[in-house]
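Enquirer: Quick one, fold the following:
(one chain, ligands or ions: 1)
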Amino acid sequence: MRASMLRLSAITLSSWISATSVAAATARVGEPLPPWREGELDIHHINTGRGESQVLILPDGTGLLIDMSGKTSEQAPFLLPSRPDASRPPGEWVARHVRRVLPAGRDKLDYALISHFHGDHMGSITPDSPWSANGYQLSGITEVAESLPVAKVIDRGWPRYDYPVQLSNPTMDNYCRFLDWQIRNTGLVVEAFQPGRNDQIALMHTRNAYPKFEIRNLYASGRVWTGEGVSTRSLFPALDDIAQNDHPGENKQSIALRVRYGAFDYYTGGDLSAVDEETVIEPVAWKNVEPVVANACGPVDVMKANHRGSWDANSIPFLAALRPRVIVVPSRADGHPAVSTYKRMTSQEVWTGERDIFITNVSDATARTTYGVDKAASVQGHVVIRVERGGAQYRVLVLDDADEAMRIKAVHGPYMSN
Ligand SMILES: [Zn+2]
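Expert: Purely as a prediction, here's the structure:
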């Protein structure tokens with residue numbers, strides 16, 4: 001009797017060990033990132049040293065690229081070094097990264113989503129931007145699509161691009177030429193992001209296999225999900241009631257969404273910011289976008305920092321509502337994250353509990369001025385969130401960004417989803 005019980009518990013123990021070691025063996029320091037497996041959710045924060053870019057491989061293999069790390073028009077000395085190096089433009093590095101992590105045999109990206117129309121998220125067009133044979137210039141989204149076909153583009157302004165004013169500049173005009181050509185020649189579908197919906201970004205390959213997976217559209221262009229059904233409300237006053245020079249800026253229009261997989265929740269919201277871009281004595285309520293969006297979202301396990309951790313974003317009420325266990329800061333310049341922002345992110349006064357902060361790149365200037373940043377969980381490399389099948393737990397994997405080998409520098413976790 002005792003022997004058989006022992007044998008049973010030994011079997012149970014060995015199967016438990018093999019089950020956990022299968023998970024653990026998937027990610028070893030010094031080895032390449034093991035491929036995504038059906039049922040897992042991967043979220044890559046790609047470091048090009050330039051703009052921002054995340055690629056998500058959803059549980060059925062659907063690929064979602066959020067922002068495209070394009071060249072910016074700035075030539076400022078405070079920009080970070082290009083990663084892996086400057087031999088290719090950032091959009092090309094992003095396309096190559098996405099190709100490597102898409103499920104085997106997949107040669108088309110299901111979704112490309114542009115959080116807002118700034119060059120470091122969609123790719124600035126400058127006179128020296130190279131030309132495609134299709135009659136538009138290449139940077140960011142257009143550069144990605146040049147080597148990686150895209151099935152659907154989602155942005156905040158399609159089809160008129162007229163809120164709060166008609167958006168016309170070399171980058172937007174080029175983008176519209178790109179969309180026109182792609183729609184006519186490749187069958188590209190373009191949609192405006194619709195706040196409130198939880199079915200606009202859906203699993204495209206085995207739709208009903210993961211009922212606990214959902215992407216909830218939280219916010220865009222001043223409209224926020226109310227938390228009930230798919231209804232939304234407007235945050236901004238009618239434009240006629242505000243002076244044109246006081247119109248909400250592009251950052252405050254950024255698309256925000258929540259990725260939910262069982263108990264796991266992830267927030268991403270472009271360059272959303274707090275009360276105002278400048279210091280004000282009497283804050284204007286409608287400009288305080290962040291806390292409204294965070295309240296619509298609710299607490300999360302992992303968040304991407306708004307506006308790369310700049311001083312005007314990731315405010316106290318925003319962080320207090322999200323209470324993330326893991327924060328990822330995608331940086332591209334000195335001051336990412338800013339000293340005050342980092343202090344809020346690490347403060348036990350804002351919310352209590354452990355948290356780990358992963359920064360894709362910390363410059364020497366930031367290391368000298370953002371106190372405590374040396375205690376961050378990571379200060380260099382791509383940051384990958386790998387959520388296990390069903391969403392109950394996840395790991396954070398830091399990848400070496402010096403080349404394209406996808407070598408693992410560090411494994412954090414497992415963290416239990418809340
Ligand atoms: Zn921006």
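
Enquirer: Show me which residues of stretch 300-317 are buried.
Expert: 300-315, 317 (16 or more other Cβ atoms under 10 Å). No exception for glycine: its C-beta is placed from N, CA and C like everyone else's.

Enquirer: In which helix or strand does the residue in the stretch 151-300 of the chain that the ion sits nearest to reside?
Expert: Closest residue of the stretch 151-300 of the chain to the ion, Cβ to the ion: Asp271 (3.5 Å). Of the helices and strands defined by DSSP states H and E, none includes Asp271.

Enquirer: Around it, count how many other residues there are.
Expert: 23 (other Cβ atoms under 10 Å).

Enquirer: Glu250 now?
Expert: There are 17 residues near Glu250, going by other Cβ under 10 Å.

Enquirer: ditto for Ala320
Expert: 17.

Enquirer: so how far is Ala338 from it?
Expert: Ala320 sits at a distance of 18 Å from Ala338 (criterion: Cβ to Cβ, to the nearest Å).

Enquirer: ok so, going back, just checking, the residue of the stretch 151-300 of the chain closest to the ion touches Ala313?
Expert: Yes. Contact status for Asp271 versus Ala313: in contact at 7.1 Å, counting by Cβ atoms under 8 Å.

Enquirer: Now for those two: what residues contact both?
Expert: 306-307 (Cβ atoms under 8 Å, 6 or more residues apart in numbering).

Enquirer: check contacts around the residue of the stretch 301-418 of the chain found nearest the ion.
Expert: Closest to the ion within the stretch 301-418 of the chain is His307: 6.8 Å, counting by Cβ to the ion. Taking Cβ under 8 Å, 6+ apart, we find His307 in contact with 251, 270-273, 313-314.

Enquirer: By pLDDT, give me the weakest of the residues you listed.
Expert: Least confident entry in the contacts of His307, by pLDDT: Ser273, with 91.

Enquirer: my guess is it meets Gln253, correct?
Expert: No. Applying Cβ under 8 Å, one finds Ser273 not in contact with Gln253, separated by 10.8 Å.

Enquirer: Helix, strand, or coil at the residue of the stretch 301-418 of the chain closest to the ion?
Expert: Classification of His307 by DSSP: H, G, I helix; E, B strand; the rest coil places it in helix.

Enquirer: next one: Ser273
Expert: Per three-state DSSP, Ser273 ends up coil.

Enquirer: tell me what the strand or helix carrying Met303 is packed against?
Expert: According to DSSP H and E, Met303 maps onto strand 302-304. Counting contacts by 3 or more Cβ pairs under 8 Å, 6 or more residues apart in numbering; DSSP states H and E, strand 302-304 is packed against strand 264-268, strand 326-329.

Enquirer: what number of residues lie near Ser221?
Expert: Ser221, neighbours per other Cβ under 10 Å, totals 21.

Enquirer: residues contacting Cys359?
Expert: No Cys there; residue 359 is Ile. Per Cβ under 8 Å, 6+ apart, neighbours of Ile359: 309, 328-329, 331, 336-337, 373, 376, 378-380.

Enquirer: cool, Val362 as well?
Expert: 331, 336, 370, 373, 376, 379-380.

Enquirer: measure it to Ala377 for me?
Expert: For Val362 relative to Ala377 (Cβ to Cβ), the value is 12 Å.

Enquirer: For the stretch 201-350 of the chain, give me the ranges with low pLDDT.
Expert: Along the stretch 201-350 of the chain, the model assigns pLDDT under 70 to residues 276-280.

Enquirer: I am finished for the moment; much appreciated.
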